[in-house]
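In: Dropping the sequence and predicted coords here.
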Amino acid sequence: MEQGFINTILPKLGFKQLLAMKDPPQWLSYDREGDALHVIFEEAQKDDASAMDKDDIIVTKRGDKIINMTILNVSRFVH
């Protein structure tokens, strides 16, 4: 199962781009029941602002910096 995830899902999520990032995520987790992928760059603080975009992605920002994001219905990206 783990090898299948590495070979099929991570490339579709842009894993190469994640590895090339200056500050890659500290944590990735998948909630199977909620079909949500959580990508955490930094711990969110009380004053950080969150908003959901038209693609069902919740982005939390501190100013212009993305702190974390949650991709809802993430299985739609895996065919």
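Out: On my side now, so go ahead.
In: From here on, just use CA atoms for contacts and neighbour counts.
Out: Will do.
In: who's in contact with the top strand by length along the chain?
Out: Secondary structure of the chain per DSSP state E: the longest strand is strand 65-72. Contacts with strand 65-72, where a contact means CA atoms under 8 Å, 6 or more residues apart in numbering, come from 34-44, 56-61.
In: Same question for stretch 32-39.
Out: 25-31, 68-75.
In: quick one on the thing from earlier: from the contacts of strand 65-72, which land in strands?
Out: 36, 37, 38, 39, 40, 57, 58, 59, 60, 61.
In: For these, give me CSV that also has pLDDT, distance to residue 50 and neighbour count.
Out: Below are these laid out as CSV (pLDDT from 0 to 100; distance: CA to CA, whole Å; neighbours: other CA atoms under 10 Å):
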residue, pLDDT, distance to residue 50, neighbour count
36, 93, 16, 18
37, 90, 16, 19
38, 89, 13, 20
39, 86, 14, 19
40, 89, 13, 19
57, 87, 10, 18
58, 91, 7, 17
59, 89, 5, 17
60, 91, 4, 22
61, 90, 6, 18
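In: Now tabulate these in a markdown table and tack on distance to residue 49.
Out: Formatted as a markdown table, the ones in strands among the contacts of strand 65-72 follow (distance: CA to CA, whole Å):
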| residue | distance to residue 49 |
| --- | --- |
| 36 | 19 |
| 37 | 19 |
| 38 | 16 |
| 39 | 16 |
| 40 | 14 |
| 57 | 14 |
| 58 | 10 |
| 59 | 8 |
| 60 | 5 |
| 61 | 5 |
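In: which of these sit farthest apart?
Out: 36 and 61 (18.5 Å; CA to CA).
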